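> Sequence first, then the predicted structure:
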Amino acid sequence: MNFAQQRVSIEEAEKILFDLYHIQGTASCLPGYVDFNFRIKIANEEGYILKISRVGEHKKYLAYQQELLEFIEYSNEKITAPKAIKDKNNNLVSEITDRFKKKRCVRLLSWISGKVWSAVNPQLEDLRYSIGTQSGLLTKVLQDFKHPEAHYNFDWDIAQSLWTKKHLHLFDAPKKEILIHHQTRFETYQPTYTTLRKSIVHNDPNDNNIIVTNSIVQPKAKAAIDYGDAMHTQTINDLAILCAYGIMKHHDPLEASLAFIKGYHSSFPLLENELAHLYNAIAMRLVIIVTRAALSKIEEPENEYLWISEKPAWEVLKKWFEISEDFAHYSFRNACSFSAHPNQEKFKKWAVTKEYSLTDLFPSIDKKEIALLDLSVSSSWIGHQVDFNNIDLFQFKIDQLQKEHPTKIISGGYLEPRPLYTSNTYDKIGNNGPESRTIHLGIDFWLPTNTPVHALFDGEIEIAVDDHGNKEYGGLVIVKHIKNDITFYTLYGHLNPESVLQYQKGDKILKRQKIGVLGNQKVNGNWAPHLHFQLMLSLLEYTTDFPGVAYANEIEIWKSICVDPNILFGIKNLHTKKNTSSNELISYRKQHLGKGLSLQYQEPIKMVRGEGVYLLDELGRKYLDTVNNVAHVGHEHPEVVKAGQQQMAILNTNSRYLHENINLLAKELLDTLPPELSVVHFVNSGSEANELAIRMAKTVTGKQDVIASEVGYHGNTNICVDISSYKFDGKGGKGAPKHTHIFPIPDAFRGKYRGENTEQKYVEEVQKCIDNIHHKGGGVCSIIVEPIISCGGQIELPKGFLSKAYKAVRKVGGLCISDEVQVGCGRLGESFWGFQLHDVLPDIITIGKPIGNGHPLAAVVCTEEVAHSFANGMEFFNTFGGNPVSCAIGTAVLQTVKKGKLQENALKVGAYLKEQLINLAKEFPIIGDVRGQGLFLGIELVDVQKNPLPIQTDYLINRMKDHGILMSSDGPDHNVLKIKPPMIFSKENAKEVLFYLQKTLNEDFMSS
Ligand SMILES: Cc1ncc(COP(=O)(O)O)c(C=O)c1O
């Protein structure tokens, strides 16, 4: 009888339930691999799962499962599992006769509420850890459970997995290679594998058999269900199975497995010999899955449940095959708090007694001390990336340093996070977005080309190659040593290839024998000549080279494999700089810095370097910056940095002396503006610019009242806060002061007037302000508006609004101020300045953030008439405004925008990004509106009633950060994502943002 014929209908199931258990409930079908399963719902109760077996199922075996559940129920541990419910005759397993007069077994279990682990998105480390912990606990509880039925032959038992060898013919050659590899390894390991401790385990903790809590934020494991595969086998197999399913769909399966292992170990301590078999056991479960799936497709083509894991299993098996078995083993050990490399402690004990000096390594150099060179991400010695890549300059700096320390060897670098490895070969996509190899694993000794390098120990050549093609080392020699029963290796990189190629693998090397001589800059990756010296306890599977730099998240494993070479020399100052921890920085800030300062992100980041569209943290992790319109032409743009550095080196003083720079910057700026805006005042911040603009307007008009937009922000000084509804209407604010008059934010999406053609309505609101001012006996001094209202949530002004509003204000003698602090300098793409989008000519514009590219520089530009009547005899003096350094920087910024055609780039990339975001909005209704111009965009998140969703916005921002993308929110309800990246932001950068936005928008939280 086939599977379909044995099917049980819902009505039959409900009847069986009532007949056997006296329970009246509503049944619905659930997927099942062996049984026919029904979810039984009963009002106001958790309900049950009714399991009706196929024909021929052994009752004894089913009873064993029920007894196992009873055992768990009565254990002393706090563990949840389905409860086995007895029928009206007190049986754990009942029997019925089906319509074909065949015997079928029936069981009833309590229902565990929650959701299956496979339904959770994203599957984060916390959840994996909790699933591991729960599974470990189950293993622990089952240690004392013994049962004769637990011993049987089973295809899904990893211990019995070699049956898969018979079916290799089902696969093509590349797949066969992978299967054979793992089967062969498993066979080889049999002598030790079979001695591992055994117990009854669940044996199928896959992602559909673990129930997790329903919470959207940080769901936790609740219980394992479906004990149908439980059996007596090697205990480690249960964890291997958990991992085999848990690592599917992750970019980096090894990294994904570690949280399960840590969690499992925390409740059921694993043994070292078990960890040695885990990599292969995981592989063999995957081998079983793919082989079983291939067979099931032939045997039961209608039962798709049988091969749901096939595709992800193959994907992960291919990745798993590529992972170094040893590295995985060391990673597992590290996850369980053993030293990652088993020999680490033994080696250290031996090595620490050695008293080598640098003259043993470099006998021709009579120097025993070192001068530490800091090449870490935050090192100011490195300087700008451009300087570092200038080999002549780099060599010069090394030579200078050497002159300062004539008796010392310049050295350093062990475990140093370096920002210097720019080639793509150093990048990969990890489980949290792009990752770069930044952690340096050896010590560098900076010495002249041709310096001879000698061996510290006897040994034999393992590798001697010209690795120049690989760009890591040039001439590379790795020597194998065996001392005190420990095998280890010394690595000598950046040698002259000719000096090492005489060696063959196996050649004997004697202590103090010359290994080679240092190569020139070319074989040093175009750096100054140096020896990269590294100590390794394992070569992993490398045969022609070995990594000299590692990924930051693997540092604990690498530092155990590549022990600190200074253990041999014991030089006191040869260590990598320790940075202040984030916690220390936070606690100092909290105590001693302004209490109103805020920090971005739930877990703040410590940035130490900027580079174009990226910010780098102290481990060299690169974050794509979509927020920073201050770094207008890119973080630390070389031309801007150079302009500032050069001028700073010769003169910085105030504007009371003549200097070309102030005139040059004024010219560069006026060149971008209509001729009517012809007089510039330089200041130091956007706030100061607006402060001055309002002062000018008051002086010129003799009036006091200012009209501004609801949720507008214009700065942090007294006057600026007084005209910033964002502040005085926000937290801690006290509402509009007497002389400030606010019109409703002209937001077509969620504003007072919505949709098309609202400009007249909002102009009428401005007119109401004017009337109100007059009504109260005041006079209109000015209107101040941003061309796109940034803090208000990237609100685009309705077409025609600004020109009509300006007209109304001018009619009563007021001045018009355009706040260009956020949007200016080409950002909007269509025009260089925001007001130009609206066909208006302001009397005053204020410029801030972008013009200094991070340096405090701002400006007020006004008409000749305004400037003239402002100059009423009172001197305008500003200590820093217009100083030669700031002006040199500002000029470089404007020239870079023009030369680099960055306005055009903003137009092109911005249009692409906006179009794609609009497409994304069609897929995700949570995106209510996409707006903005050029590289100044906003994405508003709302529910179906257009209510703002600030919590989802915050979640999105934090998840984007997890993937290495910086975003921020704004708007009165904090539900608008703003995108305003450096103007060099490329289409590729935009694609990356879109990719991770889409990924995150799919996560459970976003639809909660
Ligand atoms: C529109 C606008 N104007 C003025 C300012 C004040 O500039 P600053 O912070 O340089 O004083 C800001 C700052 O965010 C701003 O967004």
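Great, that's in hand.
> that's a helix at residue 12, yeah?
Yes - counting by DSSP: H, G, I helix; E, B strand; the rest coil, residue 12 falls inside a helix.
> ok and the residue in the chain nearest the ligand?
Going by C-beta to the nearest ligand atom, the ligand is nearest to residue 686 of the chain, at 2.2 Å. Heads up, the C-betas are built off the backbone N, CA and C, glycines and all.
> what sits against that residue?
Residue 686 sits next to 714-715, 819, 821, 846-849, 858 when contact means C-beta atoms under 8 Å, 6 or more residues apart in numbering.
> For it, give me the pLDDT.
Residue 686 carries a pLDDT value of 98.
> and it, how far is that from residue 353?
63 Å (C-beta to C-beta, to the nearest Å).
> helix or strand right after the longest helix seen in the chain?
In the chain, assigned by DSSP state H, the helix with the most residues is helix 272-299. Sequence-wise, the next helix or strand downstream of helix 272-299 (DSSP states H and E) is helix 310-322.
> Wait, residue 510 touches residue 460, no?
No - judged on C-beta atoms under 8 Å, residue 510 makes no contact with residue 460 at a distance of 10.3 Å.
> Just want to know which of the two has more residues nearby.
For residue 510 versus residue 460, the count of surrounding residues by other C-beta atoms under 10 Å is larger for residue 460: 15 against 10.
> Please identify the helix or strand for that one.
Using DSSP H and E, residue 460 sits in strand 459-466.
> Quick check: mean pLDDT of that strand?
On average, strand 459-466 scores 95.
> Under the pLDDT cut-off, which ranges of the protein? List them.
Along the chain, segments meeting pLDDT under 70 span 1-3, 422-426, 468-472.
> what residues does it put near the ligand?
Contact residues (C-beta under 6 Å from any ligand atom) of the chain with the ligand: 685-687, 690, 713-716, 786, 790, 819, 821-822, 848-849.
> one more time with 5 Å
685-687, 714-715, 819, 821-822, 848 (C-beta under 5 Å from any ligand atom).
> Next step: the residues you listed restricted to helices.
686-687.
> hmm, which of the residues of the chain next to the ligand are the buried ones?
685-687, 714-715, 819, 821-822, 848 (16 or more other C-beta atoms under 10 Å).
> can you put the residues you listed in a markdown table and add distance to residue 239?
Shown next, in a markdown table, are those (distance: C-beta to C-beta, whole Å):
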| residue | distance to residue 239 |
| --- | --- |
| 685 | 58 |
| 686 | 57 |
| 687 | 58 |
| 714 | 59 |
| 715 | 58 |
| 819 | 60 |
| 821 | 57 |
| 822 | 53 |
| 848 | 57 |
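> And the longest helix of the chain, what does it pack against?
Counting contacts by 3 or more C-beta pairs under 8 Å, 6 or more residues apart in numbering; DSSP states H and E, helix 272-299 packs against helix 173-188, helix 190-193, strand 231-234, helix 236-246, helix 310-322, helix 325-335.
> other SSEs contacting the fifth one?
The one in question is helix 310-322. By 3+ C-beta pairs under 8 Å, 6+ apart, helix 310-322 packs against helix 173-188, helix 253-267, helix 272-299.
> Just want the angle from that helix to helix 173-188.
Interaxial angle of helix 310-322 relative to helix 173-188 (axes from the mean of the first three to the mean of the last three C-alpha atoms, to 10 degrees): 60 degrees.
> May I have the strands that pair with the strand holding residue 460, each with its orientation?
Counting by DSSP bridges, the strands paired with strand 459-466 are strand 475-483 (antiparallel), strand 508-509 (antiparallel).
> got a list of contacts for that strand?
Outside of strand 459-466, the residues within contact range by C-beta under 8 Å, 6+ apart are 474-482, 489-490, 497, 500-509, 539, 542-546.
> Also stretch 197-206?
With C-beta under 8 Å, 6+ apart as the criterion, stretch 197-206 contacts 68, 131, 135, 138-139, 142-143, 145-147, 150, 154, 156-157, 209, 224, 226-235, 237-238, 241-242, 245, 271, 274, 309.
> if you set the cut-off to 6 Å instead, what comes out?
The contact list for stretch 197-206 (C-beta atoms under 6 Å, 6 or more residues apart in numbering) reads 135, 138-139, 142-143, 145, 150, 224, 229-232, 234-235, 238, 241-242, 245.
> For it, measure first residue to last.
22 Å (C-alpha to C-alpha, to the nearest Å).
> what do you get for stretch 465-473?
With C-alpha to C-alpha, one end of stretch 465-473 sits 9 Å from the other.
> Buried ones from the contacts of strand 459-466, can you make that a PyMOL selection?
Command for PyMOL that selects the buried part of the contacts of strand 459-466, burial taken from 16+ other C-beta under 10 Å:
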select buried, resi 474+475+476+477+478+479+480+481+489+490+497+500+503+509+539+545+546
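> Narrow the contacts of stretch 197-206 to just the buried residues.
Using 16+ other C-beta under 10 Å as the threshold, 135, 138-139, 142, 145, 150, 224, 229-232, 234-235, 238, 241-242, 245 are the buried ones among the contacts of stretch 197-206.
> pretty sure residue 906 is touching residue 936, no?
No - the pair residue 906 / residue 936 is not scored as a contact, 8.0 Å apart, by C-beta atoms under 6 Å.
> nearest spatial neighbour of residue 158, skipping sequence neighbours?
residue 237 (4.4 Å; C-beta to C-beta, 6 or more residues apart in numbering).
> what about that neighbour, how many residues close to it?
30.
> From what I see, it and residue 156 are in contact.
No - in this structure, residue 237 is not within contact of residue 156 by C-beta under 6 Å, at 9.7 Å.
> just the helices and strands packed on helix 272-299: most buried one?
helix 236-246 (a mean of 29; mean count of other C-beta atoms under 10 Å).
> Quick one: distance of it to the chain centre.
Chain-centre distance of helix 236-246: 26 Å, with C-alpha atoms, centre = their mean, to the nearest Å.
> Turn the helices and strands packed on helix 272-299 into a markdown table, columns for distance to residue 441.
Listed next are those as a markdown table, based on distance: least, C-beta to C-beta, whole Å:
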| stretch | distance to residue 441 |
| --- | --- |
| helix 173-188 | 27 |
| helix 190-193 | 30 |
| strand 231-234 | 35 |
| helix 236-246 | 27 |
| helix 310-322 | 21 |
| helix 325-335 | 13 |
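> so where do the helices sit in the stretch 801-950 of the chain?
801-811, 864-870, 884-899, 902-923, 950-962 (DSSP state H, counting those that start in this stretch).
> Whichever helix or strand comes after the last one - contacts with which helices or strands?
So the one you mean is helix 950-962. With elements assigned by DSSP H and E, the helix or strand that comes after helix 950-962 is strand 965-966. Where contact means 3 or more C-beta pairs under 6 Å, 6 or more residues apart in numbering; DSSP states H and E, strand 965-966 is packed against strand 622-625.
> What pairs with the strand it packs on, parallel or antiparallel?
Using DSSP bridges, the strands paired with strand 622-625 are strand 614-617 (antiparallel), strand 965-966 (parallel).
> any chance of these in TSV, plus mean neighbour count?
Below are those laid out as TSV (neighbours: other C-beta atoms under 10 Å):
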stretch	mean neighbour count
strand 614-617	21
strand 965-966	22
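> Which of those strands sits closest to residue 577?
strand 614-617 (15.0 Å; C-beta to C-beta).
> Kindly format the C-alpha coordinates of the closest one as PDB.
Taking Å, rounded to 0.1, in the frame of the first residue of the first chain, the C-alpha atoms of strand 614-617 are listed here in PDB:
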ATOM      1  CA  TYR A 614      33.700  54.300   4.000                       C
ATOM      2  CA  LEU A 615      34.300  54.700   7.700                       C
ATOM      3  CA  LEU A 616      36.600  52.200   9.300                       C
ATOM      4  CA  ASP A 617      36.300  51.000  12.900                       C
END
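> Run through who's touching that strand.
Strand 614-617 has contacts (C-beta under 6 Å, 6+ apart) with 377, 419, 605-607, 609, 622-623, 625.
> Go again with 7 Å.
Under the criterion C-beta atoms under 7 Å, 6 or more residues apart in numbering, residues 377, 419, 605-609, 622-625, 635, 966 lie in contact with strand 614-617.
> what do you get for stretch 640-658?
Residues contacting stretch 640-658 (C-beta under 7 Å, 6+ apart): 384, 633, 661-662, 853, 855, 879, 881-885, 888-889, 891-893, 896.
> No further queries at this time; thank you.
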